[in-house]
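Colleague: Structure of the sequence below:
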Amino acid sequence: MKKPILFIFLACLVILYACQSDFDGDRRESRINNSAITTPNKKAESDNQTSLKSNHSQENTKKTVYLTFDDGPTAATSEILAALHQFHATATFFMLEPSMKESPEVVEQIVEEGHAVGLHGVTHDIYHFYQSEQAALEEMTTAQKTLQHITGVQSNLIRTPYGSVPYLTESFRKVLDSNGFKVWDWNVDSSDWSLSDEEYVDSVIGQIEKLDKAGVTPIILMHDKQNTADHLSILLTYLSEHGFQARKIEEDIQPYNFNCYQRCHRLSTQK
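Modeller: Have a look, this model is predicted:
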């Protein structure tokens, strides 16, 4: 009777040992599987970091273009701002003092949305603005004070009526410079005031391509008007697809000016 009992006991020990071995094996396999899962996740995280660095690098290597809008604010400014926002683009608005007074809320919107604000004088009348160095200075000073009153921003960026050539002589430039103003011209003329529909966009793209080949940063003259606003998204699409980033003009950037090449002279013609 004792032998069957002993046999059963030994059989139970064998079965128990076998179960324990299977359990240990399962645990070892589980550790191996967990290790295999963890390793790819770490690699994926590393790849994501590399991708972020790559994207950041691509952003830094985008070509800069400066979009500038004269004569505003107008009824079209809000549409221009909406298009710029859609394409994550910033621009510079050279504004007239009476227009700023008429639409102070639009001027505030321009600043709030991260764009640069500049001055375009008061009268936009060559016979008044270029009458004397003091007349030009007074127009820009008046516009500067109005802008600061509306937004709290003191801008020294200016664009003179019709550009600095031919009437902004050396004496004018010295007076404006000594009062802290920085004159900005352009190297791409959109002619959006004379070309109909989206024709100005084709003109701008052609000029940009020539400058790009020469390694020159485009500074585009446009006007704060309805036709410009209507077709601005076409230009912004081109810029985005060709690796350009529209940025605002900063106060510390060296201004771009037309070279007189002996063409500058004091205004002498009377109205």
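Colleague: what sits against the nearest residue to residue 102 once chain neighbours are set aside?
Modeller: Spatial nearest neighbour of residue 102, chain neighbours left out: residue 73 (7.9 Å); criterion: C-beta to C-beta, 6 or more residues apart in numbering. (Glycine included, C-beta is placed from N, CA and C.) Contacts here follow C-beta atoms under 8 Å, 6 or more residues apart in numbering; on that basis residue 73 touches 93, 95, 99, 100, 102, 103, 106, 107, 110, 224.
Colleague: Please apply the same query to residue 104.
Modeller: By C-beta under 8 Å, 6+ apart, the residues touching residue 104 are residue 150.
Colleague: Please apply the same query to residue 110.
Modeller: Residue 110 makes contact with 73, 77, 81, 93, 117 under the criterion C-beta under 8 Å, 6+ apart.
Colleague: which of the residues in stretch 146-159 are buried?
Modeller: Within stretch 146-159, the residues scored as buried using 16 or more other C-beta atoms under 10 Å are 146, 147, 150, 151, 155, 156, 157, 158, 159.
Colleague: Convert the C-alpha atoms of stretch 180-195 to CSV, please.
Modeller: Listed next in CSV are the C-alpha coordinates belonging to stretch 180-195 (Å, rounded to 0.1, in the frame of the first residue of the first chain):
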residue,chain,number,x,y,z
GLY,A,180,16.6,108.7,-37.4
PHE,A,181,14.5,107.8,-40.5
LYS,A,182,15.5,104.9,-42.8
VAL,A,183,14.5,105.3,-46.4
TRP,A,184,13.3,102.1,-48.2
ASP,A,185,12.9,101.8,-51.9
TRP,A,186,12.3,98.5,-53.9
ASN,A,187,13.8,96.3,-56.5
VAL,A,188,10.6,94.7,-57.8
ASP,A,189,7.9,97.0,-59.1
SER,A,190,4.5,95.2,-59.3
SER,A,191,2.9,98.0,-61.4
ASP,A,192,-0.3,96.8,-59.7
TRP,A,193,-1.7,100.3,-60.0
SER,A,194,-1.7,100.1,-63.8
LEU,A,195,-1.9,96.4,-64.7
